[in-house]
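S.K.: Please find the sequence and the predicted model below.
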Amino acid sequence: MKSGDQSAMAELYNRYSGVVYAVALRVLGDTGAAEDVLQEVFLQLWRNPGAFDAARGSLGAWLAVITRNRAIDALRRRRPETDIEDVILSVAPDLAGEADRSRAAEKVRGVLGTMPTPQRSSLEMAYFEGMSHSEIANKTGEPLGTIKTRIRSGLMALRKAFQS
Amino acid sequence: MTEHEQFADDLALHALNALEGEDRAKLEKHLATCSACRLELEHLRGDGALLALSTLGPKPPLRARQRLLDAVAKEAAGSATRARDARATEQPRRSWWGWLGWAATAAVIVFAASLWKENSALRQSLASASAQTAQAARELDDIRRIAAPIIAPDAQRVTLVGMKTPPQPQGKAFYLRNRSNLVFVANNMPALPPQKAYELWLIPMQGAPVPAGMFKPDVHGSATVVNPPLPAGMEAKAFAITVENEAGATTPTMPIVMMGTGE
C-alpha cells in the first residue's frame, strides 16, 4: 500500500481488523480500549506504510506484534516503547483468513496444552500481560533462570509445531 | 558454553520485551555486533507472533471501521491541503520515486536547454546544424524514452528486494508495457564472482521468463538497465534476478536472488 491510498486501507482493514482487535482485546480485556488500539495501529500503518518490510515476514504477523506491543503499552499506561519501524520479525504463516487463523489457533492451543502449567503461565504472562522476567519471578516465587528457560523453550515448541 | 548459547534465553525474553536491567543492556551490546543473534531475535519475535495471530475473539464493532476511514479521509484531505500550500513555498518532498522523477525531468530540461543553445549557434552553419540538430533530437528522444517509464503515471512499478542480508539489495523496475519500455535501477547489490553477471527477467503472465538485460553493479553496488530488447506488449506478472555467466542465459539459473511483483 502506498500512502494516500484510502481504498487500499479499507481493504487492509477488512482483512486484518479481526486479528488486530482480537489481540488488543485479549491483552486489554476492554472493548473500548481495544478499539482505540485498533484505530491507532491502522492509522500508523496509513501514515507510515514503509515501516513494514515485506521481505521480513507477513503483514498479518507484523500487525499482530505491533498490536500486542501497543496494547501492552496501553495496559501499563506508558509511552510506546518500540517504534513500529524497529519491529522486525520472521514468521512464515500469514493467517489473514479466518479459517487459517482458526486452524493456527487450534494448533497453538494444542502446543500450549502439552506444556506444563507453570511454563504456559510464564509465556502468557510475558506475552499477554507484558510482565518482565523479574516480575514473573516475583509473582511465581521461582528463580529468574527458570523463568527465562521456560519462556524460551515455550517459544521453541511453537516454532517446532509450525515447522512440521 | 558459547557466547550465543549464553544469550539464548535472554533473546527469547527480549523478543517479548520482557528482559530488563543489566541483562537487557548486556544483550543489546551483544546484538549490536552479532548478526546471528539479531536474526534469531527476528525468528523469536515471529514465534511470539504465533501466539498473537492465534488469538480468537469477537469482530470489532462496525463503527470502528467507519471511525478509522473517517480519520484516514481527514488526514488525506489535510495532507492534500498541506501539499498545495507547500508547493508554493517549499522544496518538493524528496522521496525515492520523487527524486528519480525530478532527476529525469531535470535531465530532460538541462539537455533541452543545451540543445537550444547549441541550435542557436549552429544557425550560422546550416549544413552542420542540420546534422547536429538531428543527432540532438535523437538523443533528446532517447532521454525522453528513458524518463517516460519513470515519470509516466501509468507505468508499472515493481520493487525487488533481497532476503535477510543487510544492507538490503533493492531493485526498482519501471515498465511501460504498451511501449515495451523498461528502466531498472538497483542499489546495494552484492559483488559478483568473476565471469558472472546479474540477469534481469520479465516473468510474463503466461509462459517462460523473458531475458530483460544483463548488468554488473559498480563498486557501490549500483546498476541500471535501460530499455533492453523485449517482446512487444508483454504483460509482466513479476520481475526477477538471477546470477548467470557474463554472456547471459536464455532460461534462468536457480536460485532467483531477487524478485518482485507490481506495487
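M.R.: Looks like it arrived, so ask away. All figures in this text were calculated on a predicted structure; none of them were measured in a lab. Numbers count the residues shown, from 1 in each chain, chains lettered A, B, ... in the order given.
S.K.: mind listing the helices for chain A?
M.R.: Listed in chain order, the helices found in chain A under DSSP state H are A:6-28, A:31-47, A:59-75, A:98-114, A:117-128, A:133-140, A:144-163.
S.K.: who touches stretch A:101-116?
M.R.: Stretch A:101-116 has contacts (Cβ atoms under 8 Å, 6 or more residues apart in numbering or on different chains) with A:18-19, A:93, A:95, A:120, A:123, A:154, A:157-158, A:161-162, B:50-51, B:53-56. Where C-beta positions appear, they are placed from N, C-alpha and C, glycine not excepted.
S.K.: just stretch A:21-38 next, same as before
M.R.: A:17, A:20, A:41, A:64, A:67-68, A:70-72, A:74-75, A:128-130, B:52, B:55-61, B:64, B:67-68.
S.K.: So what's the residue count around residue 40?
M.R.: I went with chain A, as the question did not name one. Other residues within reach of residue A:40, judged by other Cβ atoms under 10 Å in any protein chain shown, total 20.
S.K.: if you could check chain B rather than the one you did, that'd help
M.R.: Neighbourhood size, residue B:40 [other Cβ under 10 Å]: 19.
S.K.: on that earlier part again, show me the least confident stretch of the helices of chain A, going by mean pLDDT.
M.R.: Note on the helices of chain A: helix A:98-114 shows the lowest mean pLDDT, a mean of 84.
S.K.: how near is residue B:178 to chain A?
M.R.: 22 Å (Cβ to the nearest Cβ, to the nearest Å).
S.K.: Now do the contacts for that residue.
M.R.: residue B:233.
S.K.: how close does it sit to residue A:73?
M.R.: Relative to residue A:73, residue B:178 is positioned 49 Å away (Cβ to Cβ, to the nearest Å).
S.K.: for residue B:192, what are its contacts?
M.R.: Contacts of residue B:192 (Cβ under 8 Å, 6+ apart): B:198, B:216-217, B:243.
S.K.: Which helix or which strand is home to the closest residue to chain A within chain B?
M.R.: Nearest residue of chain B to chain A, counting by Cβ to the nearest Cβ: residue B:46, 3.0 Å away. Assessed by DSSP states H and E, residue B:46 sits inside helix B:35-53.
S.K.: who does that helix touch, helix- and strand-wise?
M.R.: For helix B:35-53, the packing partners by 3 or more Cβ pairs under 8 Å, 6 or more residues apart in numbering or on different chains; DSSP states H and E come out as helix A:6-28, helix A:59-75, helix A:98-114, helix A:117-128, helix A:144-163, helix B:3-15, helix B:21-31.
S.K.: Using PDB, write down the CA coordinates of the longest one.
M.R.: This file holds the C-alpha atoms of helix A:6-28, laid out as PDB (Å, rounded to 0.1, in the frame of the first residue of the first chain):
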ATOM      1  CA  GLN A   6      -7.700   5.100   1.100                       C
ATOM      2  CA  SER A   7      -9.300   2.100  -0.700                       C
ATOM      3  CA  ALA A   8      -6.200   0.000   0.000                       C
ATOM      4  CA  MET A   9      -6.500   1.000   3.600                       C
ATOM      5  CA  ALA A  10     -10.100  -0.100   3.700                       C
ATOM      6  CA  GLU A  11      -9.100  -3.400   2.100                       C
ATOM      7  CA  LEU A  12      -6.400  -4.000   4.700                       C
ATOM      8  CA  TYR A  13      -8.800  -3.200   7.500                       C
ATOM      9  CA  ASN A  14     -11.300  -5.700   6.100                       C
ATOM     10  CA  ARG A  15      -8.600  -8.300   6.000                       C
ATOM     11  CA  TYR A  16      -6.700  -7.700   9.300                       C
ATOM     12  CA  SER A  17      -9.000  -5.900  11.700                       C
ATOM     13  CA  GLY A  18     -10.200  -9.200  13.200                       C
ATOM     14  CA  VAL A  19      -6.800 -10.300  14.300                       C
ATOM     15  CA  VAL A  20      -5.800  -6.800  15.400                       C
ATOM     16  CA  TYR A  21      -8.900  -6.300  17.500                       C
ATOM     17  CA  ALA A  22      -8.700  -9.900  19.000                       C
ATOM     18  CA  VAL A  23      -5.100  -9.300  20.100                       C
ATOM     19  CA  ALA A  24      -5.900  -5.900  21.600                       C
ATOM     20  CA  LEU A  25      -8.900  -7.300  23.400                       C
ATOM     21  CA  ARG A  26      -7.000 -10.300  24.700                       C
ATOM     22  CA  VAL A  27      -4.400  -8.000  26.300                       C
ATOM     23  CA  LEU A  28      -6.700  -5.200  27.500                       C
END
